[in-house]
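Novice: Sequence and predicted structure below; questions after.
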Amino acid sequence: MSMIAAFYGGKSILITGATGFMGKVLMEKLFRTSPDLKVIYILVRTKAGQTTQQRVFQILNSKLFEKVKEVCPNVHEKIRAIYADLNQNDFAISKEDMQELLSCTNIIFHCAATVRFDDPLRHAVQLNVTATQQLLLMASQMPKLEAFIHISTAFSNCNLKHIDEVIYPCPVEPKKIIDSMEWLDDAIIDEITPKLIGDRPNTYTYTKALGEMVVQQESGNLNIAIIRPSIVGATWQEPFPGWVDNLNGPSGLIIAAGKGFLRSIRATPMAVADLIPVDTVVNLTLAVGWYTAVHRPKSTLIYHCTSGNFNPCNWGKMGFQVLATFEKVPFERAFRRPNADFTTNTITSQYWNAVSHRAPAIIYDFYLRLTGRKPRMTKLMNRLLRTVSMLEYFVNRSWEWSTYNTEMLMSELSPEDQRVFNFDVRQLNWLEYIENYVLGVKKYLLKEDMAGIPEAKQHLRRLRNIHYLFNTALFLIAWRLLIARSQMARNVWFFIMRFDFFPSGSLQPRSKV
Ligand SMILES: CCCCCCCCCCCCCCCCCCCCCCCCCC(=O)SCCNC(=O)CCNC(=O)[C@H](O)C(C)(C)COP(=O)(O)OP(=O)(O)OC[C@H]1O[C@@H](n2cnc3c(N)ncnc32)[C@H](O)[C@@H]1OP(=O)(O)O
Ligand SMILES: NC(=O)C1=CN([C@@H]2O[C@H](COP(=O)(O)OP(=O)(O)OC[C@H]3O[C@@H](n4cnc5c(N)ncnc54)[C@H](OP(=O)(O)O)[C@@H]3O)[C@@H](O)[C@H]2O)C=CC1
């Protein structure tokens, strides 16, 4: 019997960010392994014209939850969606709902965040710092609370090379930053943002670091733990391999490369690709929830959920396997044949951006105009290149994260828990995982049918032929122009013709008359 699964039985659990990538997998695992839990409260806002109930309905009816419905048929009754907007005071939660949350909650998993790298500082602070502070305040009024688990990121201190399981202070206190956001106007905030974030690459990593400081400062008597996952990728094993539902991290670039838009990226092939499957993060999170509540460690423990020091994979290996999978299972209606490569310096990267990204986009837009359609490729390409430029920081560096707490926790688990809540990435076979990841992107993100593979392959063959024709035509035109202008080129041409196409002596220079 799994001790962790038994621990969550009968519990009331509060999850923020349950509609996000990680939140969904967390809910799914909880329901599947502890179907006798009392209730999961989720804080949900309305979005894209959908009410909170409609959003929950959509999640529960997705493929991800198919197994849950078998083991927990009354899952609809055990999930309680509470309208909340984490950007508002008291999260805009109604009085009755707040009362219920305060009096019933046993465990909190705080997953909600803005993960956009380019969010304006004000918004990133609001969600990643102020909302965390407010949630801690709520938690301090919950008499039945046993553990508060805060999800941060392994990159909150990406300005360092070696990162320990400690909270590193930021030069400016989070409270001062929160206060200043109230009275500074947007223009001034934009101006001081680069100075505040210092040697971090974006507002996301900076505000996640501030969020950790808030957790440390406001923890009071709460039983808290922080989890720092690295780059969260598709599921490895559970509930099935390859599940992914957003474009963050590598997923968006896999699509861009598979559809032939992305041909080159500035990356260091030997740098560690510290990917971690989302189900591994969730298993560790649930194990940490159990350990924190049952063993009540004296201080706030931080757990690095990373793969690099257990089972490293590098970007070169990952890119190679991604391309190999495209050969077997190509994406449909590709723009060009997938043929991406890594460049290691800025000049070659700019060259390939011009030649392989911008030029084909301009040519395609010209073709669209000629055929009376609206040009769109240049705009799309500009957005892609902007996205790539934001991710480049993370694919040209390697980090080392110490993992004493994660290893300690692993050794504390019973063999049954190590199996049911497996977070040992030493068992992960990267080639298999990456192949399943690409397949998952095709099936769950692009919603492409496997039956369309022969047609996709046929389309790629057509693109290859067009490519050969185009290159041959380009070569002949260039050569023709060269021959017209250069005596040397003409001499070379006659030299080749003489040996290749004419029997010896048949191509004689004309004798003067
Ligand atoms: C042998 C050699 C062979 C070699 C072969 C080579 C083969 C190569 C194959 C490829 C293999 C992979 C190798 C490299 C992997 C690199 C991974 C990097 C890891 C990241 C580290 C993360 C560390 C931190 C982890 C964390 O702790 S946190 C989680 C991470 N957080 C994020 O990843 C948010 C990023 N995103 C944004 O920050 C915003 O998205 C923003 C970008 C500002 C745009 O922003 P904006 O332009 O305003 O536009 P959007 O509305 O957002 O999007 C506009 C449009 O772009 C779409 N789109 C959004 N995103 C992405 C995305 N990624 N990729 C692509 N598209 C995206 C969106 O669908 C929309 O399309 P549409 O709907 O218009 O059609
Ligand atoms: N994905 C990754 O690679 C990594 C993620 N992390 C961390 O893991 C956690 C989860 O990330 P992930 O699931 O990928 O992120 P997602 O972007 O998929 O999910 C974010 C969640 O936060 C919710 N949220 C955002 N703003 C509000 C708001 N104002 N009110 C209520 N809810 C809000 C979103 O709700 P809605 O659906 O309404 O938008 C969504 O449920 C985050 O803390 C992130 O920092 C750490 C390392 C890597």
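Specialist: Looks like it arrived, so ask away. Numbering: from 1, shown residues only. Ligands and ions are numbered 1, 2, ... in the order given.
Novice: residues near Gln350, how many?
Specialist: Gln350: 12 surrounding residues under other Cβ atoms under 10 Å. All C-beta spots, glycine's among them, are computed from the backbone N, C-alpha and C.
Novice: Which strand or helix spans it?
Specialist: Using DSSP states H and E, Gln350 sits in helix 346-352.
Novice: Can you show me the CA trace of that helix as CSV?
Specialist: C-alpha atoms of helix 346-352 as CSV (Å, rounded to 0.1, in the frame of the first residue of the first chain):
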residue,chain,number,x,y,z
THR,A,346,26.0,35.2,-33.4
ILE,A,347,27.3,36.1,-36.9
THR,A,348,26.5,32.7,-38.5
SER,A,349,23.2,32.8,-36.6
GLN,A,350,22.3,36.1,-38.2
TYR,A,351,23.4,34.8,-41.6
TRP,A,352,21.1,31.8,-41.3
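Novice: mind listing what's buried in the helix or strand just after that helix?
Specialist: On the C-terminal side of helix 346-352, the closest following helix or strand by DSSP H and E is helix 359-370. Neighbour-count burial for helix 359-370, counted by 16 or more other Cβ atoms under 10 Å, picks out Pro360, Ala361, Tyr364, Asp365.
Novice: How about the helix holding Gln350 and ligand 1, any contact?
Specialist: No. On the criterion Cβ under 6 Å from any ligand atom, helix 346-352 is out of touch with ligand 1, staying 11.8 Å away.
Novice: If you average the pLDDT over that helix, what comes out?
Specialist: The average pLDDT within helix 346-352 is 93.
Novice: Name the residues that touch it?
Specialist: Helix 346-352 has contacts (Cβ atoms under 8 Å, 6 or more residues apart in numbering) with Arg263, Ser264, Ile265, Arg266, Asp341, Thr343.
Novice: 7 Å instead, please
Specialist: If you take Cβ atoms under 7 Å, 6 or more residues apart in numbering as the criterion, helix 346-352 is touched by Arg263, Ser264, Arg266, Thr343.
Novice: for these, which one is nearest Glu332?
Specialist: Of all the contacts of helix 346-352, Glu332 sits closest to Arg263, with 18.7 Å by Cβ to Cβ.
Novice: can you tell me how far the closest residue to the closest one other than its chain neighbours sits from Met381?
Specialist: The shortest distance from Arg263 to any non-neighbouring residue, by Cβ to Cβ, 6 or more residues apart in numbering, is to Ser356 (3.9 Å). According to Cβ to Cβ, to the nearest Å, Ser356 and Met381 sit 10 Å apart.
Novice: higher neighbour count, those two?
Specialist: A side-by-side neighbour count of Ser356 and Met381, using other Cβ under 10 Å, places Met381 first with 23 against 18.
Novice: Kindly confirm my reading that that one forms part of a strand.
Specialist: No. Counting by DSSP: H, G, I helix; E, B strand; the rest coil, Met381 falls outside a strand, being helix.
Novice: Which pLDDT value belongs to it?
Specialist: Listed pLDDT for Met381 reads 97.
Novice: now Gly505
Specialist: The score at Gly505 is 49. That number is its pLDDT.
Novice: in a strand, that's where His304 is, yeah?
Specialist: Yes. Counting by three-state DSSP, His304 is part of a strand.
Novice: Look up phi and psi at the closest residue in space to it that isn't next to it in sequence.
Specialist: Of all residues not flanking His304 in the chain, Trp401 sits nearest, at 4.1 Å (Cβ to Cβ, 6+ apart). Main-chain torsions, Trp401, degrees, to the nearest 10: phi -110, psi 130.
Novice: Surely Trp401 and Glu165 touch.
Specialist: No. Taking Cβ atoms under 7 Å as the definition, Trp401 is not a contact partner of Glu165, at 8.1 Å.
Novice: Now do the helices in the stretch 201-350 of the chain.
Specialist: 203-217, 250-258, 278-295, 315-328, 346-352 (DSSP state H, counting those that start in this stretch).
Novice: wait, is His150 part of a helix?
Specialist: No. Checked against three-state DSSP, His150 lies outside a helix; its state is strand.
Novice: who's in contact with it?
Specialist: His110, Thr132, Val215, Ile224, Ile226.
Novice: before we move on, which element is the second one in?
Specialist: What that stands for is Thr132. helix 131-139.
Novice: Give me the distance from that helix to the chain's centre.
Specialist: The chain centroid and the centroid of helix 131-139 are separated by 26 Å under Cα atoms, centre = their mean, to the nearest Å.
Novice: And for stretch 138-157?
Specialist: Mean-position distance between stretch 138-157 and its chain equals 22 Å (Cα atoms, centre = their mean).
Novice: What of stretch 168-184?
Specialist: On Cα atoms, centre = their mean, the centre of stretch 168-184 falls 28 Å from the chain's centre.
Novice: Which residues does it contact?
Specialist: Residues outside stretch 168-184 that contact it (Cβ under 7 Å, 6+ apart): Arg122, Val125, Val129, Thr130, Asn157, Leu196, Ala209, Leu210, Met213, Val214.
Novice: need the contact list for the residue nearest the centre of the chain.
Specialist: The centre of the chain sits closest to Gly249, judged by Cα atoms, centre = their mean, with a distance of 2.5 Å. Gly249 makes contacts with Ile231, Val232, Gly233, as judged by Cβ under 7 Å, 6+ apart.
Novice: Now with 10 Å, please.
Specialist: By Cβ atoms under 10 Å, 6 or more residues apart in numbering, the contact list for Gly249 reads Phe21, Val115, Ser230, Ile231, Val232, Gly233, Ala234, Leu275, Leu391, Phe394.
Novice: which regions of the stretch 51-200 of the chain lie under the pLDDT threshold?
Specialist: Judged against pLDDT under 70, the stretch 51-200 of the chain has no low-scoring part.
Novice: Please, where are all the helices along it?
Specialist: So, for the stretch 51-200 of the chain - with DSSP H, counting those that start in this stretch - the helices run 52-60, 66-71, 75-78, 95-104, 121-125, 131-139, 174-183, 186-197.
Novice: what packs against the last one?
Specialist: Using 3 or more Cβ pairs under 10 Å, 6 or more residues apart in numbering; DSSP states H and E as the contact test, the elements touching helix 186-197 are helix 121-125, helix 174-183, helix 203-217.
Novice: thinking again about what came up before, neighbour count for Trp401 and Glu165, which is higher?
Specialist: Trp401 (22 against 17).
Novice: What sits closest to the residue in the chain that ligand 1 sits nearest to if chain neighbours are left out?
Specialist: Relative to ligand 1, the nearest point of the chain is Gly252 (2.0 Å; Cβ to the nearest ligand atom). Nearest non-adjacent residue to Gly252, counting by Cβ to Cβ, 6+ apart: Thr387, 6.5 Å away.
Novice: What of Met270?
Specialist: Asn314 (5.3 Å).
Novice: what number of residues lie near that neighbour?
Specialist: Residues near Asn314, counting by other Cβ under 10 Å, number 20.
Novice: of all of this structure, which residue lies closest to ligand 2?
Specialist: For the chain, Cβ to the nearest ligand atom, closest residue to ligand 2: Gly20, 2.1 Å.
Novice: OK, contacts around that residue?
Specialist: Counting by Cβ under 10 Å, 6+ apart, Gly20 touches Leu26, Cys111, Ala112, Ala113, Val115, Ile151, Asp245, Asn246, Asn248.
Novice: Just the buried ones among those residues, please.
Specialist: Buried members of those, counted by 16+ other Cβ under 10 Å: Leu26, Cys111, Ala112, Ala113, Val115, Ile151, Asp245, Asn248.
Novice: Can you give me the end-to-end span of stretch 149-161?
Specialist: For stretch 149-161, the first-to-last residue distance is 25 Å (Cα to Cα, to the nearest Å).
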